[in-house]
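In: here is a sequence with its predicted model. Questions after.
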Amino acid sequence: MEELRGFGGRFVKMEPLQKGFSSDKKYVAETADGAMFLLRVANASAGSRREREFDMMRKTAALGVPMPQPVEFGRCEDGQSVYSLFSWCEGEDAEAVLPGLTEAEQYALGWQSGQFVRTIHSLPAPPELEDWEQRFGRKARSKIEKYQACGIRFDRDERIIGYLEENLHLLANRPQCYQHGDYHVGNMVISREKELSIIDFDRCDFGDPWEEFNRIVWCAAVSPHFATGQLNGYFGGRPPELFFRLLAFYIATNAVSSIPWAMPFGEEEVAVMLQQAGQVLAWFDNMDNPVPTWYLGEL
(Lines give C-alpha, C1' and ligand atoms only; values in the text may rest on other atoms or scores of the structure.)
Protein backbone atom coordinates (compact mmCIF):
# COMPACT_ATOMS: atom_id res chain seq x y z
CA MET A 1 0.00 0.00 0.00
CA GLU A 2 3.08 2.25 -0.12
CA GLU A 3 1.87 3.68 -3.43
CA LEU A 4 -1.18 5.13 -1.65
CA ARG A 5 0.90 7.31 0.69
CA GLY A 6 -0.25 10.87 0.14
CA PHE A 7 -3.82 10.04 -0.84
CA GLY A 8 -4.96 9.79 2.79
CA GLY A 9 -5.19 13.56 3.03
CA ARG A 10 -7.46 13.73 -0.01
CA PHE A 11 -9.86 10.87 0.66
CA VAL A 12 -11.62 9.81 3.84
CA LYS A 13 -12.33 6.33 2.49
CA MET A 14 -10.56 4.04 0.01
CA GLU A 15 -11.92 0.60 -0.78
CA PRO A 16 -10.09 -1.86 -3.07
CA LEU A 17 -12.07 -2.74 -6.20
CA GLN A 18 -11.56 -6.38 -7.13
CA LYS A 19 -12.90 -6.65 -10.64
CA GLY A 20 -11.62 -7.44 -14.12
CA PHE A 21 -8.35 -8.82 -15.44
CA SER A 22 -6.27 -5.62 -15.35
CA SER A 23 -2.96 -5.69 -13.46
CA ASP A 24 -3.74 -2.20 -12.13
CA LYS A 25 -4.76 -1.78 -8.52
CA LYS A 26 -8.16 -0.08 -8.36
CA TYR A 27 -9.85 1.74 -5.51
CA VAL A 28 -13.18 3.44 -4.90
CA ALA A 29 -12.20 6.68 -3.19
CA GLU A 30 -14.50 9.07 -1.31
CA THR A 31 -13.88 12.65 -0.19
CA ALA A 32 -15.17 14.27 2.99
CA ASP A 33 -18.05 15.87 1.09
CA GLY A 34 -19.19 12.51 -0.32
CA ALA A 35 -17.78 12.80 -3.85
CA MET A 36 -16.81 9.41 -5.32
CA PHE A 37 -13.84 8.66 -7.56
CA LEU A 38 -12.12 5.73 -9.24
CA LEU A 39 -8.39 5.59 -8.51
CA ARG A 40 -6.21 3.34 -10.67
CA VAL A 41 -2.60 2.65 -9.72
CA ALA A 42 -0.13 1.07 -12.16
CA ASN A 43 3.56 0.23 -12.10
CA ALA A 44 5.71 3.13 -13.23
CA SER A 45 6.98 1.03 -16.14
CA ALA A 46 3.48 1.37 -17.63
CA GLY A 47 3.44 5.11 -17.01
CA SER A 48 3.80 6.26 -20.62
CA ARG A 49 1.00 3.99 -21.81
CA ARG A 50 -1.30 4.96 -18.94
CA GLU A 51 -0.65 8.66 -19.62
CA ARG A 52 -1.53 8.21 -23.30
CA GLU A 53 -4.70 6.35 -22.30
CA PHE A 54 -5.62 9.16 -19.90
CA ASP A 55 -5.12 11.76 -22.64
CA MET A 56 -7.27 9.82 -25.11
CA MET A 57 -9.99 9.39 -22.47
CA ARG A 58 -9.96 13.15 -21.94
CA LYS A 59 -10.51 13.64 -25.68
CA THR A 60 -13.29 11.03 -25.68
CA ALA A 61 -15.06 12.59 -22.70
CA ALA A 62 -14.92 15.98 -24.43
CA LEU A 63 -17.05 14.48 -27.24
CA GLY A 64 -19.88 13.86 -24.76
CA VAL A 65 -19.54 10.09 -24.33
CA PRO A 66 -21.01 9.18 -20.90
CA MET A 67 -18.00 7.72 -19.09
CA PRO A 68 -15.70 8.27 -16.08
CA GLN A 69 -14.40 11.81 -16.42
CA PRO A 70 -10.58 12.04 -16.32
CA VAL A 71 -9.58 14.20 -13.33
CA GLU A 72 -5.85 13.81 -12.76
CA PHE A 73 -2.81 11.79 -13.79
CA GLY A 74 0.46 11.71 -11.86
CA ARG A 75 3.24 9.80 -10.15
CA CYS A 76 2.70 8.30 -6.70
CA GLU A 77 4.91 9.37 -3.79
CA ASP A 78 6.66 5.99 -3.73
CA GLY A 79 8.17 6.81 -7.14
CA GLN A 80 7.41 3.28 -8.32
CA SER A 81 3.81 3.80 -9.42
CA VAL A 82 1.60 6.14 -11.42
CA TYR A 83 -2.04 6.94 -10.80
CA SER A 84 -5.08 7.92 -12.83
CA LEU A 85 -8.05 9.53 -11.08
CA PHE A 86 -11.55 9.50 -12.60
CA SER A 87 -15.03 10.53 -11.55
CA TRP A 88 -17.22 7.62 -10.44
CA CYS A 89 -19.97 6.35 -12.77
CA GLU A 90 -23.07 5.47 -10.78
CA GLY A 91 -24.93 2.36 -11.84
CA GLU A 92 -24.98 -1.42 -11.89
CA ASP A 93 -23.31 -3.72 -14.39
CA ALA A 94 -25.28 -3.69 -17.64
CA GLU A 95 -25.09 -7.47 -17.93
CA ALA A 96 -26.99 -7.74 -14.63
CA VAL A 97 -29.55 -5.01 -15.38
CA LEU A 98 -30.50 -5.78 -18.99
CA PRO A 99 -32.37 -9.08 -18.40
CA GLY A 100 -34.78 -7.24 -16.11
CA LEU A 101 -35.71 -4.65 -18.73
CA THR A 102 -38.24 -4.91 -21.53
CA GLU A 103 -37.01 -5.92 -24.98
CA ALA A 104 -37.76 -2.42 -26.23
CA GLU A 105 -35.63 -0.92 -23.44
CA GLN A 106 -32.81 -3.36 -24.17
CA TYR A 107 -32.88 -2.43 -27.85
CA ALA A 108 -32.94 1.31 -27.09
CA LEU A 109 -29.93 1.04 -24.77
CA GLY A 110 -28.13 -1.05 -27.39
CA TRP A 111 -28.85 1.64 -29.98
CA GLN A 112 -27.33 4.23 -27.62
CA SER A 113 -24.23 2.08 -27.12
CA GLY A 114 -23.82 1.91 -30.90
CA GLN A 115 -24.00 5.68 -31.19
CA PHE A 116 -21.53 6.12 -28.33
CA VAL A 117 -18.94 3.85 -29.91
CA ARG A 118 -19.41 5.59 -33.26
CA THR A 119 -18.49 8.83 -31.47
CA ILE A 120 -15.42 7.14 -29.96
CA HIS A 121 -14.40 6.07 -33.46
CA SER A 122 -14.42 9.67 -34.66
CA LEU A 123 -11.01 10.09 -33.02
CA PRO A 124 -8.36 9.34 -35.68
CA ALA A 125 -5.45 6.92 -35.44
CA PRO A 126 -1.87 8.24 -35.71
CA PRO A 127 -0.98 8.63 -39.42
CA GLU A 128 2.27 6.64 -38.99
CA LEU A 129 0.39 3.50 -37.86
CA GLU A 130 1.18 0.33 -39.81
CA ASP A 131 -1.30 -0.73 -42.51
CA TRP A 132 -4.16 -2.72 -40.98
CA GLU A 133 -3.93 -5.65 -43.39
CA GLN A 134 -0.31 -6.24 -42.41
CA ARG A 135 -0.83 -5.49 -38.74
CA PHE A 136 -3.90 -7.57 -38.03
CA GLY A 137 -3.09 -10.26 -40.59
CA ARG A 138 0.09 -10.98 -38.67
CA LYS A 139 -1.87 -11.06 -35.42
CA ALA A 140 -4.53 -13.43 -36.82
CA ARG A 141 -1.91 -15.88 -38.10
CA SER A 142 -0.13 -15.78 -34.74
CA LYS A 143 -3.38 -16.52 -32.89
CA ILE A 144 -4.07 -19.53 -35.11
CA GLU A 145 -0.56 -20.85 -34.45
CA LYS A 146 -0.87 -20.38 -30.68
CA TYR A 147 -4.22 -22.18 -30.66
CA GLN A 148 -2.86 -25.09 -32.67
CA ALA A 149 0.08 -25.38 -30.26
CA CYS A 150 -1.87 -25.09 -26.99
CA GLY A 151 -3.06 -28.71 -26.88
CA ILE A 152 -6.78 -27.97 -26.36
CA ARG A 153 -9.31 -28.29 -29.19
CA PHE A 154 -12.98 -27.43 -29.65
CA ASP A 155 -15.31 -29.33 -31.99
CA ARG A 156 -15.33 -28.22 -35.64
CA ASP A 157 -12.41 -25.86 -35.11
CA GLU A 158 -11.43 -26.47 -38.73
CA ARG A 159 -14.49 -24.47 -39.80
CA ILE A 160 -13.31 -21.39 -37.94
CA ILE A 161 -9.68 -21.74 -38.99
CA GLY A 162 -10.75 -22.27 -42.60
CA TYR A 163 -12.93 -19.14 -42.52
CA LEU A 164 -10.02 -17.10 -41.20
CA GLU A 165 -7.56 -18.35 -43.80
CA GLU A 166 -10.03 -17.79 -46.65
CA ASN A 167 -10.97 -14.27 -45.60
CA LEU A 168 -7.70 -12.59 -44.69
CA HIS A 169 -8.16 -10.49 -47.84
CA LEU A 170 -11.04 -8.64 -46.14
CA LEU A 171 -8.46 -6.76 -44.06
CA ALA A 172 -7.23 -4.85 -47.11
CA ASN A 173 -7.81 -1.08 -47.21
CA ARG A 174 -9.54 -0.95 -43.84
CA PRO A 175 -9.46 2.45 -42.05
CA GLN A 176 -8.14 2.81 -38.50
CA CYS A 177 -9.32 4.91 -35.57
CA TYR A 178 -9.32 5.08 -31.77
CA GLN A 179 -10.99 2.07 -30.12
CA HIS A 180 -12.34 1.45 -26.62
CA GLY A 181 -10.74 -1.98 -26.98
CA ASP A 182 -13.10 -4.02 -24.79
CA TYR A 183 -16.56 -2.82 -25.76
CA HIS A 184 -19.26 -5.07 -24.29
CA VAL A 185 -21.88 -5.15 -21.52
CA GLY A 186 -19.28 -6.13 -18.92
CA ASN A 187 -17.76 -2.66 -19.34
CA MET A 188 -21.00 -0.72 -19.23
CA VAL A 189 -23.17 0.38 -16.32
CA ILE A 190 -26.84 1.37 -16.19
CA SER A 191 -28.09 3.88 -13.62
CA ARG A 192 -31.41 3.79 -11.77
CA GLU A 193 -32.66 6.27 -14.36
CA LYS A 194 -31.76 3.68 -17.03
CA GLU A 195 -28.93 5.77 -18.40
CA LEU A 196 -25.97 3.95 -19.95
CA SER A 197 -22.30 4.76 -19.26
CA ILE A 198 -19.13 3.23 -20.72
CA ILE A 199 -16.29 2.26 -18.37
CA ASP A 200 -12.88 0.53 -18.39
CA PHE A 201 -10.92 2.08 -21.25
CA ASP A 202 -7.64 0.49 -20.15
CA ARG A 203 -7.50 -1.79 -23.22
CA CYS A 204 -7.93 1.11 -25.63
CA ASP A 205 -6.05 0.91 -28.92
CA PHE A 206 -6.12 1.98 -32.57
CA GLY A 207 -7.46 -0.22 -35.35
CA ASP A 208 -10.29 -1.03 -37.74
CA PRO A 209 -13.47 0.50 -36.26
CA TRP A 210 -15.39 -2.67 -37.12
CA GLU A 211 -12.97 -4.81 -35.12
CA GLU A 212 -14.37 -3.07 -32.03
CA PHE A 213 -17.40 -5.38 -32.27
CA ASN A 214 -15.34 -8.54 -31.75
CA ARG A 215 -16.63 -8.71 -28.16
CA ILE A 216 -20.30 -8.22 -29.02
CA VAL A 217 -20.67 -11.95 -28.31
CA TRP A 218 -20.91 -11.04 -24.61
CA CYS A 219 -23.72 -8.58 -25.40
CA ALA A 220 -25.59 -11.11 -27.54
CA ALA A 221 -25.35 -13.77 -24.83
CA VAL A 222 -27.09 -11.41 -22.39
CA SER A 223 -29.52 -9.72 -24.79
CA PRO A 224 -29.90 -10.23 -28.55
CA HIS A 225 -32.06 -7.08 -28.57
CA PHE A 226 -29.23 -5.04 -27.04
CA ALA A 227 -26.66 -6.49 -29.47
CA THR A 228 -28.96 -5.86 -32.44
CA GLY A 229 -29.61 -2.32 -31.23
CA GLN A 230 -25.88 -1.71 -30.92
CA LEU A 231 -25.24 -2.61 -34.56
CA ASN A 232 -28.26 -0.72 -35.87
CA GLY A 233 -27.42 2.30 -33.72
CA TYR A 234 -23.87 2.37 -35.05
CA PHE A 235 -24.94 2.21 -38.70
CA GLY A 236 -28.28 4.00 -38.43
CA GLY A 237 -30.00 0.83 -39.67
CA ARG A 238 -29.00 -2.62 -40.89
CA PRO A 239 -25.21 -2.96 -41.29
CA PRO A 240 -23.78 -3.64 -44.77
CA GLU A 241 -22.96 -7.21 -45.80
CA LEU A 242 -19.20 -6.53 -45.71
CA PHE A 243 -19.51 -5.60 -42.06
CA PHE A 244 -21.06 -8.96 -41.21
CA ARG A 245 -18.32 -10.82 -43.06
CA LEU A 246 -15.66 -8.92 -41.13
CA LEU A 247 -17.60 -9.31 -37.88
CA ALA A 248 -17.53 -13.08 -38.35
CA PHE A 249 -13.79 -12.85 -39.08
CA TYR A 250 -13.00 -10.85 -35.95
CA ILE A 251 -15.22 -12.95 -33.69
CA ALA A 252 -13.70 -16.14 -35.12
CA THR A 253 -10.22 -14.76 -34.43
CA ASN A 254 -11.19 -14.15 -30.81
CA ALA A 255 -12.71 -17.62 -30.49
CA VAL A 256 -9.40 -19.17 -31.53
CA SER A 257 -7.22 -16.94 -29.36
CA SER A 258 -9.42 -17.18 -26.27
CA ILE A 259 -8.44 -20.79 -25.54
CA PRO A 260 -4.68 -20.27 -25.00
CA TRP A 261 -5.49 -16.92 -23.33
CA ALA A 262 -7.75 -18.63 -20.77
CA MET A 263 -5.38 -21.46 -19.86
CA PRO A 264 -3.36 -19.53 -17.21
CA PHE A 265 -6.66 -18.66 -15.46
CA GLY A 266 -7.64 -22.31 -14.93
CA GLU A 267 -10.04 -24.95 -16.19
CA GLU A 268 -13.18 -22.99 -15.40
CA GLU A 269 -12.16 -20.09 -17.61
CA VAL A 270 -11.10 -22.50 -20.38
CA ALA A 271 -14.53 -24.18 -20.17
CA VAL A 272 -16.23 -20.79 -20.63
CA MET A 273 -14.20 -20.10 -23.76
CA LEU A 274 -14.77 -23.57 -25.20
CA GLN A 275 -18.50 -23.08 -24.72
CA GLN A 276 -18.32 -19.69 -26.41
CA ALA A 277 -16.46 -21.17 -29.39
CA GLY A 278 -19.37 -23.59 -29.79
CA GLN A 279 -21.80 -20.67 -29.62
CA VAL A 280 -19.84 -18.82 -32.32
CA LEU A 281 -20.13 -21.81 -34.64
CA ALA A 282 -23.87 -22.02 -33.97
CA TRP A 283 -24.41 -18.29 -34.48
CA PHE A 284 -22.67 -18.34 -37.88
CA ASP A 285 -24.05 -21.73 -39.02
CA ASN A 286 -20.61 -23.36 -38.92
CA MET A 287 -19.20 -20.19 -40.55
CA ASP A 288 -21.43 -20.60 -43.62
CA ASN A 289 -23.56 -17.51 -42.82
CA PRO A 290 -21.82 -14.27 -41.74
CA VAL A 291 -25.05 -12.82 -40.30
CA PRO A 292 -25.26 -14.18 -36.74
CA THR A 293 -28.48 -15.85 -35.65
CA TRP A 294 -28.89 -13.39 -32.75
CA TYR A 295 -29.11 -10.40 -35.11
CA LEU A 296 -32.84 -9.57 -35.22
CA GLY A 297 -32.86 -7.12 -38.12
CA GLU A 298 -34.29 -3.60 -38.06
CA LEU A 299 -36.80 -3.48 -35.22
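Out: Everything's here; your move. Predicted, not measured: the structure shown is a model, and the values here were computed from it. Numbering: from 1, shown residues only.
In: which ones are touching Leu98?
Out: Neighbouring residues of Leu98 by C-beta atoms under 8 Å, 6 or more residues apart in numbering: Gln106, Leu109, Val185, Ile190, Val222, Ser223, Phe226. (C-beta placed from N, C-alpha, C; glycine too.)
In: narrow those residues to those in helices?
Out: Judged by DSSP state H, the contacts of Leu98 include Gln106, Leu109, Val222, Phe226 as members of helices.
In: would you mind listing the two of the residues you listed that lie farthest apart?
Out: Leu109 and Val222 (11.2 Å; C-beta to C-beta).
In: identify the contacts common to the two.
Out: Ala94, Leu98.
In: please say which of the two ends up with more neighbours.
Out: Counted by other C-beta atoms under 10 Å, Leu109 and Val222 do not tie: Leu109 has more neighbours, with 26 against 20.
In: mind checking pLDDT for that one?
Out: In the prediction, the pLDDT value recorded for Leu109 is 98.
In: most centrally placed residue in this structure?
Out: Centroid-nearest residue in the chain, with C-alpha atoms, centre = their mean: Asp182, separated by 0.9 Å.
In: tabulate the ones in helices among the contacts of Leu98 (a markdown table), appending distance to Met67.
Out: Formatted as a markdown table, these follow (distance: C-beta to C-beta, whole Å):
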| residue | distance to Met67 |
| --- | --- |
| Gln106 | 21 |
| Leu109 | 15 |
| Val222 | 20 |
| Phe226 | 18 |
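In: need the strands for this protein, in chain order.
Out: Applying DSSP state E to the chain gives strands spanning 13-16, 25-30, 36-43, 70-75, 81-87, 92-93, 177-179, 188-190, 196-198, 205-207.
In: return the most buried member of the ones you listed.
Out: strand 188-190 (a mean of 24; mean count of other C-beta atoms under 10 Å).
In: out of everything not next to it in sequence, what's closest to Cys150?
Out: Of all residues not flanking Cys150 in the chain, Pro260 sits nearest, at 4.1 Å (C-beta to C-beta, 6 or more residues apart in numbering).
In: measure that neighbour to Ala271 for me?
Out: Going from Pro260 to Ala271 by C-beta to C-beta, to the nearest Å gives 14 Å.
In: can you check Gln115 too?
Out: Gln115 is 35 Å from Ala271, by C-beta to C-beta.
In: can you check Thr102 too?
Out: Counting by C-beta to C-beta - Thr102 and Ala271 are separated by 32 Å.
In: now do Leu171
Out: Look at Leu171 and Ala271: by C-beta to C-beta, they are 31 Å apart.
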